[in-house]
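Asks: please work out how this folds:
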Amino acid sequence: MMPGTLYETHVKTKNLETAIDFYKKLGMDLAHTIEERRVAFFWFDRNNKKGQMLGVWEVPDEDFRTSHFAFKVSYEGIVNAKDWLLERGIEPRDAFGLEPVEPMVHTWMPAAALYFHDPDGNSLEFLCVLPERKNAESDVLYLSEWEKLPLAD
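Replies: Purely as a prediction, here's the structure:
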């Protein structure tokens, strides 16, 4: 067993100011910038200044690579995620063959998710771990489909 939890993660950007604006739009709290290193740090939870952090590093085009991370949200948060993103001018994206009409469920976890991109194309996700296992024949399906399934034996 690993002796800890994730404290921080980092993504790369081609334009730090654009990235700062985007992550503020997501409601993240800008904690610190270091201009000479072209990096900004954000708190995931503005009410917990010793909690998890995101570092955003500006790099030249030749060093840029996209990455992925997920924000853990409540059930209410995932149900409302699409509208919440659209209100902020952020388009949810398709994933695993499903259009972003509503959250999808990764049935093996199980967890509901909705995917979107930051301005650099990094893959971001809102994710809600679901409380019970169900009998599903597919690896991914829409949340509304999941809710109709019987509980697993």
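
Asks: what are the bridge partners for the spatially most central residue of the chain, then?
Replies: By C-alpha atoms, centre = their mean, the chain has its centre lying nearest to E125, at 2.7 Å. Listed by DSSP bridges, the beta-bridge partners for E125 are A70, Y115.

Asks: against D118, how distant is it?
Replies: Per C-beta to C-beta, to the nearest Å, E125 is found 11 Å from D118. Bear in mind the C-beta positions are built from the backbone N, C-alpha and C, glycine included.

Asks: show me what contacts the residue nearest to the centre of the chain?
Replies: E125 makes contact with 68-71, 113-116, according to C-beta atoms under 8 Å, 6 or more residues apart in numbering.

Asks: just the pLDDT for it.
Replies: On pLDDT, E125 comes in at 97.

Asks: and what of L6?
Replies: Value for L6, per-residue pLDDT: 85.

Asks: which SS class is it?
Replies: coil (DSSP: H, G, I helix; E, B strand; the rest coil).

Asks: report the contact partners of it.
Replies: Neighbouring residues of L6 by C-beta under 8 Å, 6+ apart: Q52.

Asks: what about it, distance to M53?
Replies: To M53, L6 is 10 Å away according to C-beta to C-beta.

Asks: okay, how far is it across stretch 18-34, tip to tip?
Replies: Distance across stretch 18-34, first residue to last, is 15 Å (C-alpha to C-alpha, to the nearest Å).

Asks: which parts of that stretch are buried?
Replies: In terms of neighbour count (16 or more other C-beta atoms under 10 Å), stretch 18-34 has its buried residues at 19-20, 22-23, 26, 28-29, 33.

Asks: now, those that are in strands?
Replies: 29, 33 (DSSP state E).

Asks: name the nearest of the buried residues of stretch 18-34 relative to I78.
Replies: Closest approach to I78 among the buried residues of stretch 18-34 (C-beta to C-beta): L26, at 14.8 Å.
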